[in-house]
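# Okay, predicted coordinates and the sequence, questions at the end:
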2 protein chains.
Amino acid sequence: MLNAMKTQGRGLAPQQVRGMNRAVVLQLFRRFRQLSRADIARHSGMSEGTVSRIIAELMQERLVSEQGVENSTGGRPGTLLRLDSSHFHAVGAEIQNWETRVAVGTLEGRMVASESFRTPASPPKALDAVADAFRSLSRPYGAERLEGLGVSVRGIVNSESGVLEVGNNPAWTGLAVRAQLEQRVGFPVYVENNIRSAALVEYSLGVPEAHASHSLLYVMVNEGVGMGIVLGGQLYRGPHNAAGEFGQMVIADSPGDGGQDRPGCLESLASNPALCDRYAELSGNPRKSSEETAARARQICYLALQGDEAARQAVTEVSRYLGIGIANAVWGLDADMVVIDGVLTEAWPLVSKAIRNQFPADRELQTFTHLDLRPCFFRGDASLLGAVALPFAHIFNTGQRGVTGNGSARNGGK
Amino acid sequence: MLNAMKTQGRGLAPQQVRGMNRAVVLQLFRRFRQLSRADIARHSGMSEGTVSRIIAELMQERLVSEQGVENSTGGRPGTLLRLDSSHFHAVGAEIQNWETRVAVGTLEGRMVASESFRTPASPPKALDAVADAFRSLSRPYGAERLEGLGVSVRGIVNSESGVLEVGNNPAWTGLAVRAQLEQRVGFPVYVENNIRSAALVEYSLGVPEAHASHSLLYVMVNEGVGMGIVLGGQLYRGPHNAAGEFGQMVIADSPGDGGQDRPGCLESLASNPALCDRYAELSGNPRKSSEETAARARQICYLALQGDEAARQAVTEVSRYLGIGIANAVWGLDADMVVIDGVLTEAWPLVSKAIRNQFPADRELQTFTHLDLRPCFFRGDASLLGAVALPFAHIFNTGQRGVTGNGSARNGGK
DNA sequence: CTGCTTTCTTGCTTATCGCAATAAAGTGGA
DNA sequence: TCCACTTTATTGCGATAAGCAAGAAAGCAG
């Protein structure tokens, strides 16, 4: 069902202005780690007086603190401000098919402790285990400054209701993850699709260029291929929370009619299993179907970098298909940054070359000449860090009215 | 070059709140043609007092007028309000390679007069001709209520600067269309890419379902294939004003490396020329290359509906490719509405069937089961009407802060 | 020590909204 | 006919928060 809330159409009260401007200020801190009040006024266009008042409020709440002074440029030096990570913590959990990882992190996105365990088969037990980890990990961080628990899961997640609408595993479909976990931990819980949370954290806490991008595509290659889309700083979810199904893109025609996972879709040509299969063909070692494809793919990447010809060719071919898909998406969305995640990136020199070969050669096409293509900053940790960042999102978003294709962000009381 | 202005990062003053709320109210009038003040308060969440004050302001400016009363439901009946189209007019021009069309239209998007002529070969002469048409058409509509001139052109348009950065025809590349025309007509000029303006008008003035959609894709099939993307009611342009290059999407792999218009891209498989070529192959009549493909394609559509087997097959094959491309885009963006424009839609029953065949059969996939696929509401007039609507855009957008991937909308003084 | 520059703070004015009281305009039952 | 009741519209009041400008604070250069 379409989410009822549309982005546009809601009125705005003067009382909400402060919230929006607070968010603007906090976003600036993510982009430029430290700023003076005068810097903020210049970047945001707000008056210096307003900035002063907002900063006073944020310091009162201990979100921001003064950290040293600028060098003078002939006048009074500005006092440098930055996010104060010592008072706010959050816990994030990344629930994967086999493994669950839980971590504590700070407002600035630094991970300070983590643990992991094999994901219990039954959903209730898995949630119990997450709740246990939450309690043990969060114990050292005083309850009054713990923002809550963020969860990254595979599947179609309604982040507003906290329900996993279509699980990767049928047993999880329809599970009210938020409600269930809030009951267990007694803190606010935020749930998001794993790829989307990774995309968001890569945007907001990855390299500065990412935070400056207008249109970022985060591409995750593992058993399948998924895409997280961040447009104008806002995560784009789509009306059914289903945007980014990159793996279903057909890039090689084969006769017959549509359907899911039919021959020719990106996922069947560029993914860990595809890499393993192709390598098996080229090297003549049929692969055991039960094998864990991630580990095997890592091996193949290693071999490719060592000069093994079959591995090299397999990596190049798979990356070439990925490149076709990425070029399609970039043509369509005019993206200015593409971030690739997954074990395939371990052979980055080969991968990036094969991908770029699929870009048009025309030197006049700004879209491609300015495109920033790079491997994931947080490597395998993006989804987990994304989960950690979820409970902080409302602090940075209060009053945001951007386009997510969907109502978003709980409006947690401050 | 990336446009300097980012959507986020700008502060907001309480004085801008009124502008935003005005815009919310005006958008509601586009969605529900007529409303009472109480209706507006309910839909927007604003208080009744605020709505009253905003409506008073809009009536003063003659943008809105009272038109009858509701039936009572047991209390005082509401006075119905609607946009007042009698006081505001704008002129739009659609400049195509061979033909230029110019029209006058109202605030509500009704065309009231139009003319067309062969596009002069040299850009300055073409702009002269547009300016002449502007003057003759706008004469009957008093100067004080003429909003300006909107222009739809092919190519990469920076709608903020009004410069045609990459023209479809090299002679037009780099032309400062806005500046040139403003000098000639003495009214504000707004320039936009033809597909984008068509997409926008299809969204805002087409069927009500379009205005209610969260993620609309407008697909224009002619010599090439282009896409206009409207997300959350905002046109998505991309950081280089280049989003929507749908025709470059590769959907049929062929060996070799990337580039523009290489075999396998959508445009080479689904477009008017592709239809003509395919029909020529199937029917055995080689087509004269000089032939105008639009007229020929129209013929083929007609033949297909009449039962000509070769035509039927050509239309179906071409639509099948189009369907693959559309399915790819819908998977990626989770679109809830797709509008198709171009002569191909004259064989709609065949076309829509072939497209739908490329959608996944799975009944559980909300994205596709809820997808609204239809032919363009304005048929061949979308780009022209879009041009007419451009000068009104700032009235409906004042203060909007949505994500366009780009700074947008001139802030014309009221 | 005296200008000069830049940063930060604070009081005043202004815009605007929500709330609530009130007016207006209808229905329906006694 | 009249009175209670419902829904719509208007208006005065109080509160929020921004911009502006005056001024304090804190450095540098001579």
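Cool, got the structure.

# how about the strands in the stretch 1-150 of chain A?
Along the stretch 1-150 of chain A, counting by DSSP state E, counting those that start in this stretch, strands occupy A:34-35, A:64-69, A:79-83, A:89-95, A:99-106, A:111-118, A:146-153.

# what distance separates the fourth one from the centre of its chain?
How far strand A:89-95 lies from its chain's middle: 13 Å, per CA atoms, centre = their mean, to the nearest Å.

# Packing partners of that strand?
strand A:99-106, helix A:123-138, strand A:146-153, helix A:382-397 (3 or more CB pairs under 8 Å, 6 or more residues apart in numbering or on different chains; DSSP states H and E). To be clear about C-beta, it is placed using only N, CA and C from the backbone, and glycine gets the same treatment.

# Of all the ones you listed, which one comes closest to DNA strand D?
helix A:382-397 (15.5 Å; CB to the nearest atom of the strand).

# quick one: which of the helices and strands packed on strand A:89-95 is nearest chain B?
Across those, chain B has its closest neighbour in helix A:382-397 (10.2 Å, CB to the nearest CB).

# does the closest one come close to chain B?
No. Helix A:382-397 stays clear of chain B (CB under 8 Å from any CB of the partner chain), getting no nearer than 10.2 Å.

# Which residue is the nearest non-sequential neighbour of A:Leu127?
Leaving aside its sequence neighbours, A:Leu127 sits nearest to A:Gln180 (CB to CB, 6 or more residues apart in numbering or on different chains; 5.3 Å).

# Mind telling me what element the one you found is part of?
Applying DSSP states H and E as the criterion places A:Gln180 in helix A:177-185.

# elements contacting the helix or strand just after that helix?
Next helix or strand after helix A:177-185 toward the C-terminus (DSSP H and E): strand A:189-193. Counting contacts by 3+ CB pairs under 8 Å, 6+ apart, strand A:189-193 is packed against strand A:146-153, strand A:155-158, helix A:177-185, helix A:382-397.

# Please convert these to JSON lines, extending it with distance to DNA strand D, mean neighbour count and mean pLDDT.
Listed next are the helices and strands packed on strand A:189-193 as JSON lines, based on distance: least, CB to the nearest atom of the strand, whole Å; neighbours: other CB atoms under 10 Å in any protein chain shown; pLDDT from 0 to 100:
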{"stretch": "strand A:146-153", "distance to DNA strand D": "21", "mean neighbour count": "26", "mean pLDDT": "96"}
{"stretch": "strand A:155-158", "distance to DNA strand D": "30", "mean neighbour count": "22", "mean pLDDT": "95"}
{"stretch": "helix A:177-185", "distance to DNA strand D": "28", "mean neighbour count": "20", "mean pLDDT": "97"}
{"stretch": "helix A:382-397", "distance to DNA strand D": "15", "mean neighbour count": "27", "mean pLDDT": "94"}
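
# still on that earlier bit, which elements pack onto the helix holding A:Gln180?
Counting by 3+ CB pairs under 8 Å, 6+ apart, helix A:177-185 packs on helix A:123-138, strand A:146-153, strand A:163-167, strand A:189-193.

# Buried deepest among these, which one?
strand A:189-193 (a mean of 28; mean count of other CB atoms under 10 Å in any protein chain shown).

# isn't A:Leu350 right next to A:Val315, touching?
Yes. Contact criterion CB atoms under 8 Å: A:Leu350 and A:Val315 qualify, at 5.1 Å.

# neighbour count winner among those two?
A direct count of neighbours by other CB atoms under 10 Å in any protein chain shown for A:Leu350 and A:Val315 places A:Val315 higher, at 26 against 20.

# thinking again about what came up before, and for A:Leu350 and A:Val315, which residues touch both?
Residues within reach of A:Leu350 and of A:Val315 at once, by CB atoms under 8 Å, 6 or more residues apart in numbering or on different chains, are A:Ala304.

# Any idea what the residue of the stretch 51-200 of chain A found nearest chain B is bridged to?
Of all residues in the stretch 51-200 of chain A, A:Val166 sits closest to chain B, at 7.4 Å by CB to the nearest CB. Using DSSP bridges, the beta-bridge partners of A:Val166 come out as A:Ile156.

# What residues of the top helix by length along chain A count as buried?
Longest helix in chain A, counting residues (DSSP state H): helix A:309-333. By neighbour count on 16 or more other CB atoms under 10 Å in any protein chain shown, the buried set for helix A:309-333 is A:310-333.

# tell me the angle of the helix or strand just after that helix relative to helix A:309-333?
Following helix A:309-333 in sequence order, the next helix or strand is strand A:337-341 (DSSP H and E). Going by axes from the mean of the first three to the mean of the last three CA atoms, to 10 degrees, strand A:337-341 is angled at 140 degrees with respect to helix A:309-333.

# Quick one: mean pLDDT for strand A:337-341?
Averaged over strand A:337-341, pLDDT sits at 98.

# Between helix A:309-333 and the helix or strand following it, find me the angle.
Later in the chain than strand A:337-341, the nearest helix or strand by DSSP H and E is helix A:348-356. Angle between the axes of helix A:348-356 and helix A:309-333 is 50 degrees (criterion: the same axes, to 10 degrees).

# counting contacts, what elements does helix A:348-356 pack onto?
Using 3+ CB pairs under 8 Å, 6+ apart, helix A:348-356 is in contact with helix A:293-306, helix A:309-333, strand A:372-375.

# Mind doing that once more with 7 Å?
Helix A:348-356 sits against helix A:309-333, strand A:372-375, with contacts defined as 3 or more CB pairs under 7 Å, 6 or more residues apart in numbering or on different chains; DSSP states H and E.

# do you know which of the ones you listed lies nearest DNA strand C?
strand A:372-375 (30.2 Å).

# Check which residues of that closest one are buried.
In strand A:372-375, counting by 16+ other CB under 10 Å, buried: A:Leu373, A:Arg374.

# Name every strand pairing with it and say which way it goes.
Sheet partners by DSSP bridges: for strand A:372-375, these are strand A:337-341 (parallel).

# Quick one: distance of the strand it pairs with to the chain centre.
11 Å.

# Please work out which residues outside that strand touch it.
A:198, A:202, A:209-210, A:213, A:216-221, A:326, A:330, A:371-376, A:382 (CB atoms under 7 Å, 6 or more residues apart in numbering or on different chains).

# Export the strands of the stretch 1-150 of chain A as CSV, with columns for distance to B:Ser283.
Shown next, in CSV, are the strands of the stretch 1-150 of chain A (distance: least, CB to CB, whole Å):
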stretch, distance to B:Ser283
strand A:34-35, 69
strand A:64-69, 72
strand A:79-83, 69
strand A:89-95, 58
strand A:99-106, 59
strand A:111-118, 63
strand A:146-153, 54
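
# if you compare those, which one is most tucked away?
Taking mean count of other CB under 10 Å, strand A:89-95 is the most buried of these, at a mean of 28.
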